[in-house]
Structure formats: structure tokens, C-alpha cells
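*Asks:* 3D, please:
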Amino acid sequence: MATEPSTSAPASPAAVAGGDDSLEPWSARVRTLTRLGRHREALALLRHGDPSPPPHALALPAAVISCAKLHLASGVAQIHALAAKRGLLPSSDAYLLSALLSSYSRLRLLPLARQLLDELPLASTPPATARTAFNSLISGCALHGVPAGCFSLFRRMRVAAGVRFDAVTLLALVPVAPLGIVPQLHALAARSGLAANTSVANCLVSVYARGGGGGASLARQVFEEMPRASRDLVSWNAVISAHAQNGLAVEAVELYRRMRGPEGGGVEPDAVTLVGVLSSCAHTGARRVGLDVERYVRDTIPGFRDNLPLCNALINFHARCGSLAQAQELFDEMPERSVVSWTALIIGYGMHGQGDIAVDLFETMVSEATAPDSVAMVGLLSACSHAGMYDEGRKYFSTMERDYCLRPKLEHYTCMVDLLGRAGRLDEARELIASMPMAADGAVWGALLGACKIHKNVEMGEEAFERVVSLEPANVGYYVLMANIYADAGQLDGVAKVRAAMRRRGLRKEPGCSYVEHKGKVHLFMADDHSHPQARRIYELVVELERMVKEKTGGDVVEERAEKAVAEAAAVPLVGFHSEKLAVAFGLLNTEAGSEIVVIKNLRVCGDCHSFLKTISELTNRAFLVRDASRFHRFENGACSCRDYW
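*Replies:* Predicted coordinates:
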């Protein structure tokens, strides 16, 4: 790339043109210098060169751009005056008009830009020139965050001036439009045939994605309506990110599969794609897809360890999918780490119940001069909560503002209510909520409700339930928690009341499901599900395992299950089996002795299954790693990594 010399004197014409002076006019030399970023030389050549013949008008737009790059507002004004004197303005030179409008906008001189537009005789101005002028000023307003100015100009462009908009217009308007206006712009784009334009479609997908809620479905609609041949890497990245950022991880992974297949048309993923997919794999526990992504990264991206976002995504994926050793190894190999790198590992250890290691990592991070942010503090407090580290959690929460200049937010209070509640300090948790400087949200009251379930506190549970359903009336999980609190207390009328409330609101309990990945295929199990091809063998094994647990612990097992397990009674549906038991039985039937069985579950592991898996891990001499809705449980040798604190 050409660099600007130390002297401000213009380069010789031969040096700029690469030959004899006469072979390239002055205008071309000025434009060449501007294009090369040698703005001072371009202006010096225009100002001090031989005035005979004078520079051609095509040199003036380049000179205007050089002035703007050097923040020389007076220079732009002087060229504007020179052009007007020569009769090149207001409408005879579209390039110069566009350069002036863009430069005034770049320099935040929007009133001057608008004045220039006002001087334009629109009735006699060629449509293309008028459109360029409006687009330049609309883009300037968008650049400086003046959306009202953008839409005022857009209305004037369409109504008063009768100028047709184009893709450039929409690319300026859509990103700054209020979310409620974006569908109207989308409709205008569709009617004008511009919605099929790749850049416009990509812009719409990205903006819809930021809208949350139903934004992902609208982004998906735009994407699906695009001609397949026009979908580029930006298109795929935008739609994958739209789903990943809105919690639709399964859909994001499926889109990635489509991209990598024939439908992708040979478009190869880049680091942005892979970060989004790895995030979704971490969310859903899609280990196979995540490992395929990692292989792709190692094979095709040399020096990927220097790519912080990509390495952080890999660490997060391994930590959340049960491979802490791989996460730690990647972390140790990174030449540079950010607070996101540390946070991913801290959260990973916290999810595995290893709060002491999470705290050590946090202290090491601080000692290495990496300041924690709000997310890191959430990860640390959550790790303390999962490990029952009451004193440590209290200490970090009480000092986070003093030591790290971080004012506690709702998510930090949620962690603390969870920490106090799990530790049985329900009154203290309730007092903390009352002392909050902001109104508690559903997550805060939900944490207290969950603690009331653990410690069977009906009275406080009723208060928390009343508060949380007023904030999140459609969250079925809170109804289930309250019903279980009543059931544990033997208050069947309370259970009936909660179930009636669910019926009135049309709510249904989310079905429990668990899955195991085996030989490249996902095997999904629902509670009492008999659809799997190996269902008969799976149920027979579960019944046999329950019999073994009964003999080992002396606990109660429904005798009818054992009787129905025989082949002669196989046609009779067996009921009462939670999905994780079925998944573990499948794993025992289909994996080699000694190998770890990994199960991903969408809900919290219940007490019965927790006790069952602990005993089975000892009886079968196998290790089971179960990721439930909030954490990991590693069952091995008759014990769980959570130490029965979950």
C-alpha cells in the first residue's frame, strides 16, 4: 500500500502517473492520490500545480473527499464555492454534488448539506442525480443518529420530489428505523423488487434479529424468500445469528447443517458463523455438531488460537458440554485471554459444582490485571451458589462495587437469592429482595420460589409464587414448582388450585426429555416414551436396574414394574419412568464397558432419579454425566459431583 511521504510537497506527475506528464491529465493524478489515501498530496497538487490548463472538474470530487478525510471543513466550502463559480452546481455534476453532500454529512455539517439539497432544482435535475443527492444526505443523517431527519428526507424524496428510492436508500434507512417501522420498509422493498437484493435482504435479516421475540421468525422469513443463488456468507451468518441470539439454538444448528450441505451452494463458514454455531451447540448440548465444528476450525483456520472470539466460543462449548479438560487445555494454549475467556471457564467449573476452582480462577484473573465485568461476577456468584459456598458468595457480592466498580444488577441479586435460598437462609434472601434498589423481576422471585421448594416452605413459597406469576404469568415452570411445594406438604387442595390456574391460562407442563448422542445420531427419550426401536430392551433394563437399587438400598419399588417386565407382558405400556432413566439404560445397552455416558436433560433432575443414578453408577461401575437445566451432575462410584447440593 502506498504511504504518504514526510514532505507535503506534491509528488512529480511522472511519479504519480507512472510515466510522462502528458500521458495523464491533472484530474486523474488528483484522483489517483486520493484513492491511494495520499490526501495532502492530492490537495497540494490541486492548489499549487500549473494552473494552465486548470484541473478538470473530475478532480474536484476527489479533492472534496480528501478534505473530508483530513477534517478540513473550510476546504470543502472553498471547493464548493469554486464549483458554483464554474457553474458545476447545483445540478450539472452528480459526482461533485454527491461528494459535497457526503463530506458535509461526514463532518457533521448537516445544515449545510440540507441547504445544498434545497438549492437543487429538482424539476430539472436528472432522476439519478436527485436520487444520489437524497441518498447522500439520508446516509449522513443515519451516520450521525438522526433517524427523524432520515425519514423526513425519505418522505420528501418520494412525495414532494417524486424520486424513486433504491437499495442504497433502504440500506441507510433500515438499520436506524424503529422496529415497528421495519416491516413497512420491508413491504416497500418487496413491492419495488428490492427485497431480492442480497444486501437489502441481509440488512433486513440482521435488523429483525435484533428485535428479539418474533424477530427471528421474521428474519427467517426474509432469508427463506431470498433466491438460493443470492444467499452469500453474510446471509447465512445473519440468519444463524438471528436464531442463536434469540435462544433458538436448535434452529441455529439446523441452519448450519443446511449451509454446509448442497443448499449452501459452496459457501464456506467463517469465524463469525462458527462462533454462533458453537454458542448454540453449548446451549443445546449438541456435542457431535460442536466437535465437527472444532475439527473444521483446526483443519481450515491456521492460527485459530489468535482469534479470541472463536477460542472463547470453543472453551464455552467444551465447558458446557461436559469436557472441562478440553476447555482448560484450550484456555492454557491461548496466547492472549480476555475477560470473556476467563468467564467461560469460571462458568464451566461452576456448572460442574467445582466452585473452589472457579474462585481460584477468578482470583488469578484479577491478579493478572484482567478486570471482571458484570458477566464474570454473575458466573462467580453462580459458581458459589452451586457449590454451597455461602461465605465466599457473600464476600464477593458485598465488595463488587467497592473493589471492581461494578454496581449489582438484577442478575447479581438473582444469584444471591439463589445462594441464600439453597443454603436455607430464606429469611435473609427475602430481606435482600426487600433491600434491592430496583424492583425484583421474575428471575429473582423465581429463585426464592425454587429455594422454598428445596426447603419445603409453603408460606414464603406462596408469596414468591404470587409475585412471580404477576410478572411472568405464562411461565409454566413456576406453577409446577408451587404445585410440588404443596404436594411435598401434603396439601392436595393447593395442588388442585395451581392446576386449575394452569388450565384457565391454557398452560401445560413442559414434558421431560433427555437425549444421548451415539455413533453420530441423537437418541431422544421422553418420559414413558415407547417409540424408540430398542424400547422393549430399554424398559426391561430399567426395571432390572430398579430391582437392583431396591436390593442395594432397601427402598420402595413398585412391584408391578418387575412383573410387567417379562416378555409376555411387553404389550402392556409401562409408566412412571423419567426420561433420564431411559437414556441411561440406552447408553448402558449400546456403549462399551468403562466409557462415560453423557445425557442432556431439559428439566431439573428430580430427587428419585438423582438417587437412582448414584446407586446405578456404583452397581454398574460406570460414570454418568447428566446436564440438567442448570448444571452438571457427574455420577460415579455411588456419589454425585454436586454432593447432593443442587
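
*Asks:* show me the contacts for the most centrally placed residue in the chain.
*Replies:* Closest to where the C-alpha atoms of the chain average out (C-alpha atoms, centre = their mean) is Gln245, at 3.1 Å. Neighbouring residues of Gln245 by C-beta atoms under 8 Å, 6 or more residues apart in numbering: 209-210, 276. Bear in mind the C-beta positions are built from the backbone N, C-alpha and C, glycine included.

*Asks:* mind checking which of these are in helices?
*Replies:* Applying DSSP state H to the contacts of Gln245, the entries found in helices are 209, 276.

*Asks:* quick one: least confident of the contacts of Gln245?
*Replies:* Ranked by pLDDT, these bottom out at Arg210, which has 82.

*Asks:* burial measure for the residue nearest to Glu636 when sequence neighbours are not counted, as a count.
*Replies:* Spatial nearest neighbour of Glu636, excluding adjacent residues (C-beta to C-beta, 6 or more residues apart in numbering): Ala623 at 4.3 Å. Here the number of neighbours of Ala623 (other C-beta atoms under 10 Å) works out to 15.

*Asks:* quick one: what helix or strand has Ala238 in it?
*Replies:* Using DSSP states H and E, Ala238 maps to helix 233-245.

*Asks:* let's see that helix as PDB, backbone CA atoms only.
*Replies:* Extracted C-alpha coordinates of helix 233-245, given in PDB (Å, rounded to 0.1, in the frame of the first residue of the first chain):
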ATOM      1  CA  LEU A 233     -21.900 -15.800   3.600                       C
ATOM      2  CA  VAL A 234     -23.400 -12.600   5.200                       C
ATOM      3  CA  SER A 235     -26.900 -14.000   4.600                       C
ATOM      4  CA  TRP A 236     -26.100 -17.300   6.300                       C
ATOM      5  CA  ASN A 237     -24.300 -15.600   9.200                       C
ATOM      6  CA  ALA A 238     -27.200 -13.100   9.700                       C
ATOM      7  CA  VAL A 239     -29.900 -15.800   9.900                       C
ATOM      8  CA  ILE A 240     -27.800 -18.200  12.100                       C
ATOM      9  CA  SER A 241     -27.000 -15.300  14.400                       C
ATOM     10  CA  ALA A 242     -30.700 -14.300  14.500                       C
ATOM     11  CA  HIS A 243     -31.600 -17.700  15.900                       C
ATOM     12  CA  ALA A 244     -28.500 -18.100  18.200                       C
ATOM     13  CA  GLN A 245     -29.000 -14.600  19.800                       C
END
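
*Asks:* the strands in this protein, which residues?
*Replies:* Secondary structure of the chain, counting by DSSP state E: strands at 513-518, 521-526, 597-601, 624-627, 632-636, 639-640.

*Asks:* which stretch among these comes nearest Thr132?
*Replies:* strand 521-526 (53.6 Å; C-beta to C-beta).

*Asks:* list the contacts of that closest one.
*Replies:* By C-beta under 8 Å, 6+ apart, strand 521-526 touches 286, 288, 511-517, 532, 579, 582-583, 586.

*Asks:* make it 10 Å
*Replies:* Applying C-beta atoms under 10 Å, 6 or more residues apart in numbering, the contact partners of strand 521-526 are 284-289, 511-517, 531-535, 538, 577-587, 590, 599-601.

*Asks:* what's the local residue count around the residue nearest to Cys67 when sequence neighbours are not counted?
*Replies:* If the residues on either side of it in the chain are set aside, Cys67 comes closest to Gly75, at 3.6 Å by C-beta to C-beta, 6+ apart. Counted by other C-beta under 10 Å, the residues lying close to Gly75 total 19.

*Asks:* test my guess that Gly75 contacts Ala63.
*Replies:* Yes - judged on C-beta atoms under 10 Å, Gly75 makes contact with Ala63 at a distance of 7.8 Å.

*Asks:* what touches both of these two?
*Replies:* Residues touching both Gly75 and Ala63 by C-beta under 10 Å, 6+ apart: 43, 46-47.

*Asks:* which one of those is nearest Met502?
*Replies:* Of the shared contacts of Gly75 and Ala63, the one sitting nearest to Met502 (C-beta to C-beta) turns out to be Leu43, at 73.5 Å.

*Asks:* can you pull out the helices in the stretch 101-250 of the chain?
*Replies:* Counting by DSSP state H, counting those that start in this stretch, one finds helices in the stretch 101-250 of the chain at the ranges 110-118, 127-143, 147-155, 167-173, 182-191, 198-209, 215-225, 233-245, 249-260.

*Asks:* nearest to His352, of those?
*Replies:* For the helices of the stretch 101-250 of the chain, proximity to His352 was assessed by C-beta to C-beta; helix 249-260 is nearest, at 20.4 Å.

*Asks:* ok and the closest one relative to helix 215-225, angle-wise?
*Replies:* With axes from the mean of the first three to the mean of the last three C-alpha atoms, to 10 degrees as the basis, helix 249-260 and helix 215-225 are set at 20 degrees to each other.

*Asks:* mean confidence score for helix 249-260?
*Replies:* 91.

*Asks:* how far off centre is that helix?
*Replies:* Averaging C-alpha positions (C-alpha atoms, centre = their mean, to the nearest Å) puts helix 249-260 14 Å from its chain's average.

*Asks:* residues contacting the residue nearest to Val468 when sequence neighbours are not counted?
*Replies:* In space, and not counting its chain neighbours, Val468 is closest to Trp445: 3.9 Å by C-beta to C-beta, 6+ apart. Going by C-beta under 10 Å, 6+ apart, Trp445 touches 414, 417, 433, 463-472, 478.
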